[in-house]
Structures are given as structure tokens and as C-alpha cells.
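Novice: Sequence and predicted structure, then a few things I'm wondering about:
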Amino acid sequence: QTVGGQVIRLHGNNYGTDTPDQPARQPMVWIGSTAGAHPLGWRACEVVAFSHTHIDCVTPPGSGKDLQIMVSVDGQTSAPAAGVGYQRPTLTALAHKDTPLE
């Protein structure tokens, strides 16, 4: 599982706006999947900024590829859209098991 923490920007419409006469409810963003033999479920992506046409959110810790994103605003939820994946593991060194790691 990766630590997450990447800011991603979603583009679309009807995400709401904050105006003094009608404050918007902050959109909610979900990343996950229900497909396959081992569904990952859905994790919240923390919204840090939004406008009517975009949302910036911080990815949660996780793993997987070909994940879907859903946006919910004031009780209305988008259809899942493909879009994100976490970076795959990388191997940077090998050592004998009794060698101290640096």
C-alpha cells in the first residue's frame, strides 16, 4: 500500500460554488473499485479546493490500478469513471538478511 498524498484535479461540471448568498456543500470524492475477485471498496479523497468545473483532492493511502472515481455533491453522485492508479512497487536494493539496512 502506498502512502497516498498526491493532489489530483478532476475536471467536469456541477461541482458547486461558494458564494456568500448560497454556500455550496463541499463535494465528496471517492476512489476505489467494486470489480474483480477482490474488490477494494471505496476510499475518500480529501477535497482541498473546488469550483463549478474542477475539484482538487489528496489521494488516500492505497494500492491498485485501473481504479474508478466518483463525485458526490449535495446527495447526487456521478457514475463511476475510470481514471487513477497507485504507483507499482519498486525494488531498489538487495542485501543478505543479516546485513543492516541503511
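Specialist: Received the coordinates, thanks. None of these values were measured; they are calculated from a predicted model. Residues are numbered from 1 along each chain as shown.
Novice: quick check: longest strand of the chain.
Specialist: strand 41-50 (DSSP state E).
Novice: what's the burial count for Ala79?
Specialist: Around Ala79 there are 7 other residues, counting by other C-beta atoms under 10 Å. From N, CA and C alone the C-beta is placed, and that goes for glycine too.
Novice: Quick check: closest non-adjacent residue to it.
Specialist: What sits nearest to Ala79 in space, not counting adjacent residues and going by C-beta to C-beta, 6 or more residues apart in numbering, is Met70, at 7.6 Å.
Novice: Quick check, the one you found in contact with Thr34.
Specialist: No: contact criterion C-beta atoms under 8 Å: Met70 and Thr34 do not qualify, at 10.6 Å.
Novice: Touching both of the two, which residues are there?
Specialist: Residues touching both Met70 and Thr34 (C-beta atoms under 8 Å, 6 or more residues apart in numbering) are Trp42.
Novice: Tell me which of those two has more neighbours.
Specialist: Neighbour totals were compared for Met70 and Thr34, and Met70 leads with 16 against 10 (other C-beta under 10 Å).
Novice: I appreciate the help and will end here.
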